[in-house]
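Any chance you can model this:
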Amino acid sequence: MAAATLDFQGATAESLSEVATFFVDSFWLASTTFGDGVKLSSGERNQLVRKVTEDLGSRYGLRREKRPSNLSGRETPSLFWNDLILARDEKSGKLVGCVGIEASLFDPSTGAVLRSEQADRLVRTELDAMTDAESEQAQAVFGESGIGALAAFVLQRDEGLLVQKFANTYAPYALLANLAVSPSYRGQGLGRELCDFCELCCQDMDDVLLQVEEKNGAARKLYEGRGYKPIYRTEGASSLRLAPSTNPMSAFLPIENESLLREEPTTLVTMAKRVEGR
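Got it, this is the predicted structure:
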């Protein structure tokens, strides 16, 4: 098959259901980590699609719900951006790949990664405690250089000025996650193109990081080929695995499999690279 010409676009609330179904079929049921031998009943598959819809919608702000409001009742926009990028075959319009990218914080001493929503809360706590002069300076930094520079300015001050004393161990990074490519389009460089496109979306960050299971050789090879290098290794981490019911009657019963996703121990490798041009 000739390499597809891709049309990149941001996911929306309207496309969330389509994306969730794609992610179930292209990641969970065709994983390069734990293989494609997992078989789900139709009920379990629908259950997994609902779970993925909830997770992706919440993480990337695609659900039709308001953000927390301030005392004046107005919605509070996040300082930390996030996007779920879709790749469609330009000719057919078929969804063939997706990847998430978000502004985040990383602690190089512990390997902890804060997603955009968590990072936003941490930085806002420090901003709220600033003097008027500090706040004006922070606004100027944000307006000129974006969230990466603001996070560095806020968190890398004198430790005595911080409300949360642990906060100065965090550094701003863009976080790449939820990369999936349709099995029928693999081997054409789509994964590389998705990674490269993400870098274009995070020009206010100096570095991009991701986390991958150590035993996922295919994914690690992809990321190494794009210039990512290991910066932290976490043993004893946990990862979700599918656990279909072994009861033959479950396929005919309208009940959920409460153990469909189970945690298993794994080793995570955090990899990072400098954004081109930074």
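
center of this protein, which residue is that?
residue 177 (3.5 Å; C-alpha atoms, centre = their mean).

Quick check, pLDDT for it.
The model reports residue 177 with a pLDDT of 98.

a helix runs through it, doesn't it?
No. Residue 177 is assigned strand when assessed by DSSP: H, G, I helix; E, B strand; the rest coil, not a helix.

thought it was touching residue 210?
Yes. Contact criterion C-beta atoms under 8 Å: residue 177 and residue 210 qualify, at 6.6 Å. In short, each C-beta sits where N, CA and C put it, glycine included.

what ranges do the helices span in the chain?
Secondary structure of the chain (DSSP state H): helices at 16-23, 42-59, 116-128, 132-145, 147-155, 190-200, 217-225.

Helix 16-23 and the second one, what's the angle between them?
An angle of 120 degrees separates the directions of helix 42-59 and helix 16-23 when computed by axes from the mean of the first three to the mean of the last three C-alpha atoms, to 10 degrees.

ok, back up a step: can you redo the helices of the chain as a markdown table with mean neighbour count?
Listed next are those as a markdown table, based on neighbours: other C-beta atoms under 10 Å:
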| stretch | mean neighbour count |
| --- | --- |
| helix 16-23 | 19 |
| helix 42-59 | 17 |
| helix 116-128 | 18 |
| helix 132-145 | 13 |
| helix 147-155 | 22 |
| helix 190-200 | 19 |
| helix 217-225 | 15 |
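
So for residue 96, which of these sits nearest?
helix 190-200 (6.4 Å; C-beta to C-beta).

where's residue 57 relative to residue 14, distance?
Taking C-beta to C-beta, to the nearest Å as the measure, residue 57 falls 12 Å from residue 14.

Please disregard the earlier target; I meant residue 97.
Taken as C-beta to C-beta, the span from residue 97 to residue 14 is 19 Å.

Among those two, which residue is more densely surrounded?
With neighbours defined as other C-beta atoms under 10 Å, residue 97 and residue 14 compare such that residue 97 has more, 26 against 9.

Could you give the number of residues near the closest residue to that one other than its chain neighbours?
Excluding the flanking residues, the one nearest residue 97 by C-beta to C-beta, 6 or more residues apart in numbering is residue 87, at 3.7 Å. Other residues near residue 87 number 25, with proximity taken as other C-beta under 10 Å.

same deal with residue 260?
By other C-beta under 10 Å, 19 other residues sit near residue 260.

hang on, residue 202 packs against residue 275?
Yes. The criterion here is C-beta under 8 Å, and residue 202 meets it with residue 275 at 6.3 Å.

got any residues that touch both of the two?
174, 208 (C-beta atoms under 8 Å, 6 or more residues apart in numbering).

Of these two, give the one with the bigger neighbour count.
Counting neighbours by other C-beta under 10 Å for residue 202 and for residue 275 shows that residue 202 has the greater number, 24 against 18.

Report the separation between that one and residue 258.
On the measure of C-beta to C-beta, residue 202 and residue 258 end up 38 Å apart.

do the same with residue 81
35 Å.

residues touching the residue lying closest to residue 182 once chain neighbours are set aside, list them.
Once flanking residues are discounted, residue 182 sits nearest to residue 96: 4.5 Å by C-beta to C-beta, 6+ apart. With contact set as C-beta under 8 Å, 6+ apart, residue 96 has these partners: 4, 6, 87-89, 181-182, 185, 190.
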